[in-house]
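Participant: okay, predicted coordinates and the sequence, questions at the end:
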Amino acid sequence: MATLVEVARRAGVSPATASRILSGSSKPVSEELRRRVLAAAETLQYVPNAHAQQLARSQPTAVGVIVHDVSDPYFAEITRGLQRVATDAGRLVFICNSYRDPRREREYVGLLHGHRTAAIVLAGSGHHDRRAAAAIAAALRRYARDGGRVAVVGRHLHHPGDEVLPDNEAGGRLAGAELYRLGHHRIGVIAGPRDLTTTSDRLAGLRAAARAHNRSLPARRIAYADFDRESGAAAAAALLDAEPGLTALAVLNDTMAIGALAVARERALRVPGQLSVVGFDDMPIARDLVPALTTVRLPLAEIGAEAMRLALATSGEPRSVAIEPELVRRASTATAPE
């Protein structure tokens, strides 16, 4: 690979001049010198060192995004929104998968800090483990003290930046209220991982809906899973084995709901005739399932876009943007069977 020095030698200029021209510096230079340098770079197939350019700039341009798993449709949609905003702003985005490991999240914050990224968006759910949450928050504060911008999606403890807050508790209330409205009293719940604030907030909403209808959600009817299809299917099977009389499943994300629908098919349970299923998030595939999935909609791409807009904004007092959920009725829910 050709070096900057070789390009400068071929063009007959100093390395500093070649660097200014190839990096797009605003410092004036003659068109003749610009033409010679660009021609030399083309001939030698020179590729600029982006990391060196980043370090040389007074203002960093790259941004870092930490998600649990970008292959998860929830995070894929959020990432789509934030990348759209970053691209429009001419920013390079580093995507980091933490796989819900708080230590890995903290390490990624340190790596992105070391690479002088302009901003970090922490898009995965917050953790209830106070020691882990405090360690991540401390790393973010160190980053912010050095001039980095921070934005988080969801409820995180002690973070120093802006936040986009989907109202997960309100979404849980919507899901529960819909099932009770349809006359369901024997409801099973497939929740996410216990340690995540997203899980506890959505569960809190379901419990609030139960209280409002003079009902309860016994612990035996709540199964915790990993927000993926396989664990959703396993949780559905366990709930239906333990209580065959369940008439509805409230599933706290759409990916797990897909697993629950698969179990219903395997057991020849008619959905919604014998078993209603409601999901959460309204990822794009939800409307194309058979039956189409009733779910709580969050505008995931817009959540990502808003988080990136906050992260790229000029500094100021931390801001909080609330995102309201919406119930989307489709074919997977119906009146409870007699």
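Facilitator: Noted; the coordinates are in hand. Numbering: from 1, shown residues only.
Participant: which parts of stretch 6-19 are buried?
Facilitator: 6-8, 10-11, 13, 17-19 (16 or more other Cβ atoms under 10 Å). No exception for glycine: its C-beta is placed from N, CA and C like everyone else's.
Participant: from these, which is closest to residue 217?
Facilitator: Taking Cβ to Cβ as the measure, residue 217 lies nearest residue 19 of the buried residues of stretch 6-19, at 63.7 Å.
Participant: what about the residue nearest the centre of the chain, distance to residue 329?
Facilitator: With distances taken as Cα atoms, centre = their mean, the residue of the chain nearest its centroid is residue 75 (3.8 Å). Counting by Cβ to Cβ, to the nearest Å, the separation of residue 75 from residue 329 is 26 Å.
Participant: before we move on, what about residue 258?
Facilitator: Per Cβ to Cβ, residue 258 is found 18 Å from residue 329.
Participant: kindly report the same for residue 43.
Facilitator: Taken as Cβ to Cβ, the spacing of residue 43 relative to residue 329 amounts to 63 Å.
Participant: who's the spatially closest residue to the residue nearest to the centre of the chain that is not a sequence neighbour bridged to?
Facilitator: On the basis of Cβ to Cβ, 6 or more residues apart in numbering, the spatially nearest residue to residue 75 that is not a chain neighbour turns out to be residue 67, at 4.2 Å. The residues listed as beta-bridge partners of residue 67 by DSSP bridges are residue 97.
Participant: export the helix or strand harbouring residue 250 as PDB, just CAs?
Facilitator: In this assignment (DSSP states H and E), residue 250 forms part of strand 248-251. Provided in PDB are the C-alpha atoms of strand 248-251 (Å, rounded to 0.1, in the frame of the first residue of the first chain):
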ATOM      1  CA  ALA A 248     -53.500 -15.700  26.500                       C
ATOM      2  CA  LEU A 249     -49.800 -15.000  26.500                       C
ATOM      3  CA  ALA A 250     -48.400 -11.600  27.000                       C
ATOM      4  CA  VAL A 251     -45.000 -11.700  25.400                       C
END
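Participant: how many neighbouring residues does the nearest residue to residue 257 once chain neighbours are set aside have?
Facilitator: Here the nearest residue to residue 257 in space, its sequence neighbours aside, is residue 279; by Cβ to Cβ, 6+ apart that works out to 3.6 Å. Per other Cβ atoms under 10 Å, the neighbour tally for residue 279 reads 31.
Participant: ok now the strand or helix carrying residue 279, how far from the chain's centre?
Facilitator: Counting by DSSP H and E, the element that carries residue 279 is strand 276-281. The gap between the average C-alpha position of strand 276-281 and the chain average comes to 19 Å, counting by Cα atoms, centre = their mean, to the nearest Å.
Participant: check which helices and strands that strand sits against.
Facilitator: Using 3 or more Cβ pairs under 8 Å, 6 or more residues apart in numbering; DSSP states H and E as the contact criterion, the elements in contact with strand 276-281 are helix 168-181, strand 248-251, helix 254-266, strand 294-297.
Participant: ok, residues contacting the second one?
Facilitator: For strand 248-251, the external contacting residues (Cβ atoms under 8 Å, 6 or more residues apart in numbering) are 175-176, 179, 182, 184, 186-190, 206, 232, 236, 239, 257, 260, 275-280, 333, 336.
Participant: one more pass at 6 Å, please.
Facilitator: Contacts made with strand 248-251 from outside it, assessed by Cβ atoms under 6 Å, 6 or more residues apart in numbering, are listed as 175, 179, 184, 187-190, 206, 257, 260, 276-279.
Participant: sorry, back to before: the more surrounded of residue 258 and residue 329?
Facilitator: Higher neighbour count among residue 258 and residue 329: residue 258, with 22 against 11, using other Cβ under 10 Å.
Participant: next, the buried residues of stretch 280-298.
Facilitator: Of the residues in stretch 280-298, those buried under the neighbour-count criterion (16+ other Cβ under 10 Å) are 280-283, 286, 289, 291, 293-298.
Participant: actually stretch 243-251, sorry about that
Facilitator: Within stretch 243-251, the residues that qualify as buried are 246-251, counting by 16+ other Cβ under 10 Å.
Participant: among those residues, which two are most distant?
Facilitator: Maximum distance among the buried residues of stretch 243-251 (Cβ to Cβ): 14.2 Å, for 247 and 251.
Participant: the residue nearest to residue 291 when sequence neighbours are not counted and residue 252, how far apart?
Facilitator: Distances taken as Cβ to Cβ, 6+ apart put residue 331 closest to residue 291, at 3.7 Å, once the chain neighbours are dropped. In this structure, residue 331 lies at 20 Å from residue 252, with Cβ to Cβ as the measure.
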